[in-house]
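[1] Prediction below, plus the sequence it came from.
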Amino acid sequence: MSNTDWAVLIITLLAIVSYGVYKSRGAQNIEGFLLGNQSLPWYSVCLSVMATQASAITFLSAPGLAYATGMGFVQFYFGLPLAMIVLCITFVPIFHRLKVYTAYEYLEQRFDLNTRVLTAILFLIQRGLSTGITIYAPAIILSAILNINTTYTTLFIGGLVICYTVYGGTKAVSYTQMLQMSIIFCGLFAAGIVVVHLLPGQIGFTKAIHIAGKMGRTNAIDFKFDWNNQYTVWSGLIGGFFLQLSYFGTDQSQVGRYLTGASVSESRLGLLMNGLVKIPMQFLILLIGVLVFTFYQYNKPPVFFNSVELSKLEKSRYKPQLDSINQVYDNAFQAKQLELNKLDKALDAKDQNAIDRQREILKAADEQAKALKKSTTDLMLKNDPGADINDNNYVFLSFVTKYLPKGLIGLLIAIIFLASMGSTASALNSLASTSVIDIYKRLISKDGTDAHYLKVSRVATIFWGLICILMALYASRIGNLIEAVNILGSYIYGTILGVFLVAFYLKKVSGKAVFSAAVITEIVVCICGWQKVVAYLWLNVIGCLLVVILSLLLQQFSRQSSENQN
Amino acid sequence: MDAPQKNQELPPFVKTWKQFYRLLIFWLILLIVFFYLFTRYFA
């Protein structure tokens, strides 16, 4: 990176953190620290909710995914607007009316203390572990790009987030997230314009999409019902709905965001605007990936985008094999240029037969490139069984650092840092609020002063921040940790969502029944996961449905027992 | 303004929250139709 890029990166990060700290200055109380005195407008709620959900990996993976497989990933978000509507009708008014600090506080009012503590502990375990990965995943990618040790990038991201979250609490989180999202939108928009500008003279925006489309990259929609296909309209609408509902409705890192809204209306509007904006935003991010794909049809991409893994292979005894792969790859790329020119002419002439013919030829060329990449990753695994053979996260950043103008590179690297910081800050704030409100204040020190709880909240934020940094540093020693954390989340999310659905919609079910149902479900889910009965994503559905069914059965059983005794 | 009144605040652009929810569903359908046409047109 040039000095200009470093300057842009540092100034952007410092300016945003300073803004967040400045806006949240002044005397704080516990309500201000954890709920922002419920004073924020809808647009702040909306941007904060979006920044919490969009981690750095979102901005790195999505363009890379579009480059590799197309735009089908956009369907993953189809359930989100529907989940926002259910949240606005049920969750938001109840949480606001009861003036809760955390989602789990409501469960004590509806059921009992046991249910509240159980769900709070499940959340702390899941979110505490996954936040480490939120820091670690972008840190390792930025380390590879910036050529800095992972420890420094991890400490930098984690340390900066702890500072402003401890100082300004939830308000600082929201204000920084507002600015973060604005800069992220501007940066991505600029990147999109530059990609189009970098295309060969005769290739405009529409033609670039046409070329990508002929090679299967504009497949934004798939109506086929297929259990094995992750991204279809149906999996997005049904599976996505449950996933988004459990995430936004029961995960304190999101509940804490919309509880900062000044009223039910402000929280509702923030969520509904998120429902309006999220899918088009994701579509545009994927579209940038598609444009990058077209760009790389005319500019030879590396056979594998993760330069660290590639250089390891170059230094290994497999170098001769890699060289011969590269030779074939270069020749195939040159041959493809001729076919692309023919497609270009066919598109200009609107000659459908020629377009169809070129489509098949270019698809075959694409398959050949994929096969050569597969041969390369096979060599990588032979050389090092722990090698990271997924380079989706590196496609966009590799393009940014190599082709974008000075200044914009620094801004886009800043975006990756900002996205990571935004979701980490929300997580730390939610971990602190759940530890203090649901555990410390409820079980350990019930009669403390407001100042005491504020102090404890700050200590809890630092504590969780350090745990997350340690997790992130330790993650580098356990290759499979990212997947392990995702699996752990699936063990827990379904059960918590089931408890909340029973709380909202099955008014006759008591705390005793739902607590027993949750404990049994967690055991069953753990066994199913341990024995690999189903793919781990299905554990969410099993957990949710089992809690609901068991709660009803146990409630019925308990009623019959008491009737028999009478 | 007290809490119950706040809860009854109306949304912007439309008359009731129900209409806003319908608008969001309509928007989702519109996006799906747009993505379908986009996929067809460029493929």
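    Received the coordinates, thanks.
[2] Quick one: residues contacting residue 21.
    Let's take chain A. A:164, A:167-168, A:172 (Cβ atoms under 8 Å, 6 or more residues apart in numbering or on different chains). Where C-beta positions appear, they are placed from N, C-alpha and C, glycine not excepted.
[3] Actually, chain B is the one I wanted.
    By Cβ under 8 Å, 6+ apart, B:Tyr21 lies in contact with A:85, A:88-89, A:272.
[4] Would you mind giving the secondary structure of B:Pro12?
    At B:Pro12 the chain is in coil, as set by DSSP: H, G, I helix; E, B strand; the rest coil.
[5] In chain A, where's the longest helix?
    When chain A is parsed with DSSP state H, its longest helix is helix A:150-198.
[6] coming back round to it: out of the contacts of B:Tyr21, which are inside helices?
    Mapping these onto helices (DSSP H) picks out A:85, A:272.
[7] State the helix or strand in which the spatially closest residue to A:Ser375 that is not a sequence neighbour lies.
    Of all residues not flanking A:Ser375 in the chain, A:Ile325 sits nearest, at 5.5 Å (Cβ to Cβ, 6 or more residues apart in numbering or on different chains). For A:Ile325, the host element (DSSP states H and E) is helix A:319-349.
[8] re earlier: check contacts around the residue nearest to A:Ser375.
    A:303, A:372, A:375-376, A:379.
[9] Could you give the number of residues near A:Val524?
    Using other Cβ atoms under 10 Å in any protein chain shown, A:Val524 has 17 neighbouring residues.
[10] Check the gap between it and A:Asn383 for me.
    Counting by Cβ to Cβ, to the nearest Å, the gap from A:Val524 to A:Asn383 is 42 Å.
[11] Buried residues, the helix or strand hosting A:Asn540. List them.
    Using DSSP H and E, A:Asn540 maps to helix A:538-565. For helix A:538-565, burial by neighbour count (16 or more other Cβ atoms under 10 Å in any protein chain shown) applies to A:538-548, A:550-552, A:554-555.
[12] give me phi/psi at A:Gly261?
    Main-chain dihedrals, A:Gly261, degrees, to the nearest 10: phi -60, psi 140.
[13] Which residues are in contact with the residue nearest the centre of chain B?
    Closest residue to the average C-alpha location of chain B: B:Leu24 at 1.9 Å, with Cα atoms, centre = their mean. By Cβ under 8 Å, 6+ apart, B:Leu24 lies in contact with A:81, A:84-85, A:272, A:275-276.
[14] Relative to A:Leu237, which of those residues is nearest.
    A:Leu237 lies nearest to A:Pro81 out of these, by Cβ to Cβ, at 9.9 Å.
[15] Just give me how far the helix or strand harbouring A:Val459 sits from the chain centre.
    In this assignment (DSSP H and E), A:Val459 forms part of helix A:450-475. In terms of Cα atoms, centre = their mean, to the nearest Å, the centre of helix A:450-475 is found 22 Å from the chain centre.
[16] What of stretch A:279-286?
    Taking Cα atoms, centre = their mean, the mean C-alpha location of stretch A:279-286 is offset from the chain mean by 14 Å.
[17] For the residue in the stretch 451-566 of chain A that chain B sits nearest to, the count of nearby residues, please.
    Minimum separation of the stretch 451-566 of chain A from chain B (Cβ to the nearest Cβ) falls at A:Phe504, amounting to 16.9 Å. By the criterion of other Cβ under 10 Å, A:Phe504 has 16 neighbours.
[18] That one reaches A:Ile89, doesn't it?
    No. Between A:Phe504 and A:Ile89 there is no contact under Cβ atoms under 8 Å: 9.8 Å.
[19] Enumerate the residues of chain B near chain A.
    Counting by Cβ under 8 Å from any Cβ of the partner chain, the residues of chain B close to chain A are B:3, B:6-7, B:9-12, B:17, B:20-21, B:24-25, B:27-28, B:31-32, B:35-36, B:38-39, B:41-43.
[20] which residue sits closest to A:Leu271, ignoring its sequence neighbours?
    In this structure, A:Leu271 finds its nearest non-sequential neighbour in A:Met84, 4.8 Å apart by Cβ to Cβ, 6+ apart.
[21] Now do the contacts for the one you found.
    By Cβ under 8 Å, 6+ apart, the residues touching A:Met84 are A:244, A:248, A:271-272, A:274-275, B:24.
[22] 10 Å instead?
    By Cβ atoms under 10 Å, 6 or more residues apart in numbering or on different chains, A:Met84 lies in contact with A:49, A:92, A:244-245, A:248, A:268, A:270-276, A:278, B:21, B:24.
[23] what's the burial count for whatever residue of chain B ends up closest to chain A?
    In chain B, no residue comes nearer to chain A than B:Phe42, which is 3.0 Å away by Cβ to the nearest Cβ. A count of neighbours around B:Phe42, defined by other Cβ under 10 Å, yields 19.
[24] And it, how far from A:His210?
    Noted for B:Phe42: a distance of 6 Å to A:His210, by Cβ to Cβ.
[25] hey, what's in contact with both of the two?
    Here B:Phe42 and A:His210 have A:Thr218 as joint contacts, going by Cβ under 10 Å, 6+ apart.
[26] among the contacts of A:Val21, which ones are buried?
    Taking 16+ other Cβ under 10 Å as the criterion, what is buried in the contacts of A:Val21 is A:164, A:167-168, A:172.
[27] which stretches of chain B aren't confidently modelled?
    Scanning chain B for pLDDT under 70 picks out the ranges B:1-8.
[28] longest helix in it, by residue count?
    When chain B is scanned for its longest helix (criterion: DSSP H), the result is helix B:17-42.
[29] Show me chain A divided up by domain.
    A:3-21+A:39-296+A:401-477, A:307-389, A:480-566 (automatic domain parsing).
[30] Turn those into JSON lines, columns for distance to A:Ile30 and mean pLDDT.
    Shown next, in JSON lines, are those (distance: least, Cβ to Cβ, whole Å; pLDDT from 0 to 100):
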{"stretch": "domain A:3-21+A:39-296+A:401-477", "distance to A:Ile30": "5", "mean pLDDT": "87"}
{"stretch": "domain A:307-389", "distance to A:Ile30": "43", "mean pLDDT": "87"}
{"stretch": "domain A:480-566", "distance to A:Ile30": "24", "mean pLDDT": "84"}
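[31] out of those, nearest to A:Asn29?
    Per Cβ to Cβ, nearest to A:Asn29 of the domains of chain A: domain A:3-21+A:39-296+A:401-477, 5.2 Å.
[32] tell me which strands and helices the helix holding A:Asn540 is in contact with?
    helix A:240-250, helix A:481-505, helix A:511-530 (3 or more Cβ pairs under 10 Å, 6 or more residues apart in numbering or on different chains; DSSP states H and E).
[33] How about the residues of the stretch 1-150 of chain A by chain B?
    Within the stretch 1-150 of chain A, the positions near chain B by Cβ under 10 Å from any Cβ of the partner chain are A:42, A:70-72, A:74-75, A:77-82, A:84-86, A:88-89, A:92-93, A:96-97, A:99.
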